[in-house]
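A.B. asks: this one's sequence-less:
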RNA sequence: GGCCCCGUGGUGCAACGGUUAGCACGCGGCCCUUUCAAGGCUGCAAUACGGGUUCGAUUCCCGUCGGGGCUACCA
């Protein structure tokens, strides 16, 4: 199996899913997963983008066994194959201007009804095919001689039996015409590049986007002309935006890098992506990577284009945030805290256990990794702000300054600092003062973590420790009184 | 325009001739409760349409409509 991106953009979710399917299939079958960069188009090629693509794959946990290979470094193979095809008569030199073949899609400029009915007929073959063009011009492209009449058939693992009349297939270009006199042979096109490389790398299964479905017959023809049995093709449906058009920039985030930055967990993203266009056949949703590998079958791949649903992705992320074994989650949280400058080395050492407990306490309420350094900042830093809405909502009662002062005193006097002791102290005070415990609980929460939304109060107190809780409570008194 | 693919709730999937059409996300309600999540229970919501074939169609065939892909010396 292989994943063969071209460095003309970032790694987008569609490409990532293609890579994932190839990877899952390779791992399931015990095959080899190869990475190949298809950079034969010097015009739009942007080499600096390769690193980003590899980074995206690594983030997703898709490790490759070979490569990355670069087509730009394998040029001799393509020209050799083209030569061989010309020699055998399977391909020929074409001197025509590219525009002659293009223009099939040139919409009729006029609105004339007759013209519309007839439709523009595109050129699929030219006289060069017969070798009639005697122009000894150097600017010849190499075209494949599609055997006509005839029909090309192959089996797609997802779409089933495919058959296309060869008349429908144009004599496609294998080698572009040389750009200048110094260029001996032209650069290969995608069609030649993939086939030559897939043969050379002994690819047995080609899993790629359904936008390549119509390329498959051409490639099958090429394989046969080269005397090689074609691989098994498996075209996977496309990923669409909410408006059911192909996912693109205007749909918002489409690069996997942007999801990494937002703070999604790679395994959650992977689980989500795997279930977009593929189903294990049952109702299971939450599938760890090992299960994905175990259950992945080409038969489960859908034929219907699917919509990328961010809400469901977020659901997966919250699920993983909650269910991942703490030792698997902790490193991601640590990375987030380092990123935001809150990290302290002792949390990986002496206070390792405290860190785990705190993350564990926080995680049911987080949606994205950055929540740990923003919303939960007070758990990792003494400098934090009081959320305005929280103050507004829970610091209304004018008895609060006095009550919280007493609470601070009571907590400070506690010989043992634990959940029940804190609980008891607070409730006893509430009763003695004739107020509801909830009043104190909510106000205290805002005072010690600055947020209205936070984990249960007494567990929070335990994790923060006596000294912090008491000092934060006292620090808040003037602010509470001020409102 | 031509060639091709697809069509189950708003979204992702299941049911591959016989189910009260199932699950998940989302949305609403209830429970839990110290805030907010999570969790539990529950409700809303679909076989695009029209013809066939069949005792019986979500499922098979045809047409219509809708969406998508390709139509480059891009990949």
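C.D. replies: On my side now, so go ahead. In this text, all values refer to a predicted model and were calculated from it rather than measured experimentally. Numbers count the residues shown, from 1 in each chain, chains lettered A, B, ... in the order given.
A.B. asks: Report the helix or strand with the lowest average pLDDT across chain A.
C.D. replies: The helix or strand of chain A with the lowest confidence, counting by mean pLDDT, DSSP states H and E, is helix A:113-118 at a mean of 36.
A.B. asks: Which helix or strand contains the residue lying farthest from the centre of chain A?
C.D. replies: Within chain A, the residue lying farthest from the chain centre (C-alpha atoms, centre = their mean) is residue A:432, at 56.8 Å. Using DSSP states H and E, the element containing residue A:432 is helix A:419-433.
A.B. asks: ok, and does whichever helix or strand comes after that helix reach over to RNA strand B?
C.D. replies: Remark: after helix A:419-433, the chain's next helix or strand is helix A:437-449, criterion DSSP H and E. Yes: under the criterion of C-beta under 7 Å from any atom of the strand, RNA strand B is reached by helix A:437-449 at A:437, A:438, A:441, A:442, A:445. Every residue, glycine included, has its C-beta placed from N, CA and C.
A.B. asks: Would you show me how to pick out the buried ones of those residues in ChimeraX?
C.D. replies: Selecting in ChimeraX just the buried members of those, where the criterion is 16 or more other C-beta atoms under 10 Å, is done with this command:
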select /A:441,442,445
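A.B. asks: Same list (the residues of helix A:437-449 next to RNA strand B) but as a markdown table, adding pLDDT.
C.D. replies: Below are the residues of helix A:437-449 next to RNA strand B laid out as a markdown table (pLDDT from 0 to 100):
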| residue | pLDDT |
| --- | --- |
| A:437 | 94 |
| A:438 | 94 |
| A:441 | 96 |
| A:442 | 96 |
| A:445 | 97 |
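A.B. asks: Make sure I have this right: residue A:215 is in a strand.
C.D. replies: No: assignment of residue A:215 by DSSP: H, G, I helix; E, B strand; the rest coil gives helix, placing it outside any strand.
A.B. asks: State the number of residues packed around it.
C.D. replies: Other residues near residue A:215 number 16, with proximity taken as other C-beta atoms under 10 Å.
A.B. asks: Residue A:12 and residue A:384, how far apart?
C.D. replies: Look at residue A:12 and residue A:384: by C-beta to C-beta, to the nearest Å, they are 37 Å apart.
A.B. asks: pLDDT score for residue A:476?
C.D. replies: Reported pLDDT at residue A:476 in the predicted model: 96.
A.B. asks: That one: what's it in contact with?
C.D. replies: When contacts are counted by C-beta atoms under 8 Å, 6 or more residues apart in numbering, residue A:476 is found next to A:386, A:404, A:446, A:447, A:448.
A.B. asks: Closest one to residue A:363 out of these, please.
C.D. replies: Of all these, residue A:363 sits closest to residue A:448, with 19.1 Å by C-beta to C-beta.
A.B. asks: State the distance from that closest one to RNA strand B.
C.D. replies: According to C-beta to the nearest atom of the strand, to the nearest Å, residue A:448 stands 12 Å off from RNA strand B.
A.B. asks: quick one: contacts for the closest residue to that residue other than its chain neighbours?
C.D. replies: Taking C-beta to C-beta, 6 or more residues apart in numbering as the measure, residue A:448 lies nearest to residue A:472, with 4.6 Å between them; neighbours along the chain are not counted. With contacts defined as C-beta under 8 Å, 6+ apart, the neighbours of residue A:472 are A:382, A:447, A:448, A:464.
A.B. asks: and what of residue A:90?
C.D. replies: Contacts for residue A:90 were tallied using C-beta under 8 Å, 6+ apart; they are A:144, A:145, A:225.
A.B. asks: Please verify my assumption that the last one contacts residue A:85.
C.D. replies: Put plainly, it is residue A:225. Yes: counting by C-beta atoms under 8 Å, residue A:85 is a contact partner of residue A:225 at 5.9 Å.
A.B. asks: who touches both of those two?
C.D. replies: A:91, A:144.
A.B. asks: just the buried members of the contacts of residue A:472?
C.D. replies: When the contacts of residue A:472 are checked against 16+ other C-beta under 10 Å, the ones flagged as buried are A:447, A:448, A:464.
A.B. asks: Return the member of the residues you listed nearest to residue A:294.
C.D. replies: Distances from residue A:294 to these, taken by C-beta to C-beta, are shortest for residue A:464, at 42.5 Å.
A.B. asks: hang on, the earlier thing: what's the closest of the contacts of residue A:476 to RNA strand B?
C.D. replies: Closest approach between these and RNA strand B, by C-beta to the nearest atom of the strand: residue A:446, at 9.2 Å.
A.B. asks: Count residues in the vicinity of that closest one, would you?
C.D. replies: For residue A:446, the neighbour count with other C-beta under 10 Å is 23.
A.B. asks: In this structure it contacts residue A:392, no?
C.D. replies: No: counting by C-beta under 8 Å, residue A:446 does not reach residue A:392; the two are 9.8 Å apart.
A.B. asks: Can you report how many residues lie near residue A:219?
C.D. replies: Summarising burial for residue A:219: neighbours were counted as other C-beta under 10 Å, giving 23.
A.B. asks: who touches the closest residue to it other than its chain neighbours in this structure?
C.D. replies: Distances taken as C-beta to C-beta, 6+ apart place residue A:195 nearest to residue A:219, at 5.2 Å, with adjacent residues excluded. Each residue near residue A:195 by C-beta under 8 Å, 6+ apart is listed here: A:81, A:219, A:222, A:223, A:226.
A.B. asks: on that earlier part again, which one (most neighbours) among the contacts of residue A:90?
C.D. replies: Of those, residue A:144 is surrounded by the most neighbours, 23 neighbours in total, counting by other C-beta under 10 Å.
A.B. asks: need the contact list for that one.
C.D. replies: For residue A:144, the residues meeting the contact criterion (C-beta under 8 Å, 6+ apart) are A:85, A:90, A:91, A:171, A:172, A:173, A:174, A:191, A:218, A:221, A:222, A:225.
A.B. asks: residues in contact with stretch A:286-306?
C.D. replies: By C-beta under 8 Å, 6+ apart, the residues outside stretch A:286-306 that reach it are A:21, A:24-25, A:27-28, A:61, A:157-159, A:205, A:207, A:210, A:234, A:236-240, A:244, A:267, A:270-271, A:274-281, A:284, A:316, A:319, A:323.
A.B. asks: out of the residues you listed, which touch RNA strand B?
C.D. replies: When C-beta under 7 Å from any atom of the strand is taken as the criterion, the members of the contacts of stretch A:286-306 that contact RNA strand B are A:159, A:210, A:237-238, A:240, A:244, A:275-279, A:281, A:319.
A.B. asks: Which two among these are spaced furthest apart?
C.D. replies: When those are compared pair by pair using C-beta to C-beta, the two farthest from each other are A:159 and A:319, 32.3 Å apart.
A.B. asks: now the strands for the stretch 201-350 of chain A?
C.D. replies: Secondary structure of the stretch 201-350 of chain A (DSSP state E, counting those that start in this stretch): strands at A:205-209, A:232-236, A:239-240, A:306-307.
A.B. asks: ok, residue A:3 - how many residues close by?
C.D. replies: For residue A:3, using other C-beta under 10 Å, the count is 27.
A.B. asks: I'm done for today, thanks for sticking with me.
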